[in-house]
Every structure is written in structure tokens, then in C-alpha cells.
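> need a structure here:
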Amino acid sequence: MTTRRTTRLSTLDYKILDSLSRIEFATRAQLAYWCGINPATASKTTARLLDIGLLGSITATRPAIWHLSHSGAQIVNVKAPTDGRKITWSVMAHACHRNALEIELTARNGQFRFLSRQALLRQGFNPAHGEHAGVDGGNRCWFVLLDDYLMASRRIARSWQRRHAPDRNHWPDPMGRTWCEVMQRYLVCCTDAIHAESHRAWIATHDIPADLMEMKPLWPQ
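Next up, the predicted model:
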């Protein structure tokens, strides 16, 4: 008679699964940051979780992108990001750039956390691609427009002022909200230095109350 081996998960295993339940996609370095471990430990742990079927990875480029598998998602009671959806490279890369920006804004402000899409839907917003909102250590609300895809500069005003069509399952009022009604800070972040200059000039010309920040892309062309 053979006995079935039981997989035991460590506290660190759960930390990695919990982190991915919030951010969906991440690099190993980002997981190391949020779990408070060194990159070597992150590499060893993610490899083991991949081996036992709790993580998936996209390894076509470096750094690789990690996400919950269906089994891993079940453990932390969320849907796997790849369940029933075709996820494009741009969506996964954008999520990792958002992570990098959250880490940078935390370093600058002492604390920063992006709100989930579900949390924003419950507040009458319906974010488009690139639109994010978060709260810093001083409880200031930020609207962040993350450009890692060479967006047109005119979107800087349009996103800030657009009235959202709310998801009625979360927000019963048919009138959605605008970012400019609620947010106390507006940040435009661009991963292309030359394109960032176009945004900077557009902001100044149109008197938009936005700060502009440049960030190095995780996957340089």
C-alpha cells in the first residue's frame, strides 16, 4: 500500500500567494520586496511553488512574470488571473510596471498602496487601461495615469475629467464619478523618457494639475 505525500506550505509560501492574490502579476524581485526576503530565497521559493502547481510563469522574457495557477488561487480564495481570460503581454507588463511604481511611491511617501479594481468599482469608478488610484501614508488619494504604451498626451486631460459609467452591481447611482472630483493628487508616470517630455509640455500648455514622473521600463526595447 502506498501513502500519499502531503504538501505543506510555509508562512513564506502563503505570503507569496497572498501577494499575488492582490497584484495578479509580479516579477521575482517584486515578490522579494513585498515578502521581505532576498532574491535568492524568492527564486528558490517560486521555483518550488511552480513545481507543485501553485504558480505559473511567463518566461519568454527576463525578468519573468509570475502569477497564481488555478490551484494556487483556490488556496487564497481568488480567481486565477488566467481563468477564462486571454491575458495579453501588455496587460501583464503593465501590472508589473504598476508594482514598480507602487514600490517607488512607497519609498518617496513612506507608504503607498494602489486600490484594487473592485474597490474602485464600489466607489463609482470604472477605470480604463492605465488608470489607477491609491492612498499614501498621509491618507491622500492619488489618481495615477501610467503610460507604458506611448499614449496620446490628450488622454491626460480626458482621463482626469471623464465621468465614469459605473458598474451598477457595485454603484447603484447611474451617475458615476470623475477622478478630478475626488482625488487630491494627480500623477502621470511614463516609461519612455522622450515621450515623457511631450507629456510635460502638454501638461504645461493645458494647465492640468498633474505631476509627471519618469520610470525606467522593466523590459527595455
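> is Ser57 in a bridge, and if so with what?
Beta-bridge pairing of Ser57 under DSSP bridges involves Trp66.
> show the pLDDT at it.
What the model reports for Ser57 is a pLDDT of 94.
> that one: what's it in contact with?
Ser57 makes contact with 46, 50, 64-67 under the criterion CB atoms under 8 Å, 6 or more residues apart in numbering. (C-beta placed from N, C-alpha, C; glycine too.)
> determine which two of those are furthest apart.
Greatest spacing in the contacts of Ser57, by CB to CB: Leu50 and Ile65 (12.2 Å).
> okay, those two: which has more neighbours?
Ile65 (24 against 16; other CB atoms under 10 Å).
> what's the neighbour count on the closest residue to the more buried one other than its chain neighbours?
Counting by CB to CB, 6 or more residues apart in numbering, the nearest residue to Ile65 once its immediate chain neighbours are dropped is Ile58, at 4.2 Å. Neighbour count of Ile58, defined by other CB under 10 Å: 16.
> the one 5 residues further on now?
Other residues near Pro63 number 15, with proximity taken as other CB under 10 Å.
> same deal with Ile203?
Counted with other CB under 10 Å, residues neighbouring Ile203 total 19.
> contacting residues for it?
Neighbour list for Ile203: 156, 188, 210, 212 [criterion: CB under 8 Å, 6+ apart].
> any idea which helix or strand carries it?
helix 193-206 (DSSP states H and E).
> kindly export that helix (C-alpha atoms) in CSV.
What follows is helix 193-206, C-alpha atoms only, in CSV (Å, rounded to 0.1, in the frame of the first residue of the first chain):
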residue,chain,number,x,y,z
ALA,A,193,11.9,59.5,-21.4
ILE,A,194,11.4,61.1,-24.8
HIS,A,195,7.6,60.7,-24.8
ALA,A,196,7.6,62.0,-21.2
GLU,A,197,8.8,65.3,-22.5
SER,A,198,5.8,65.5,-24.8
HIS,A,199,3.5,64.9,-21.8
ARG,A,200,5.3,67.5,-19.7
ALA,A,201,4.9,70.2,-22.4
TRP,A,202,1.2,69.2,-22.9
ILE,A,203,0.5,69.5,-19.2
ALA,A,204,2.1,72.9,-19.0
THR,A,205,0.2,74.2,-22.1
HIS,A,206,-3.2,73.0,-21.0
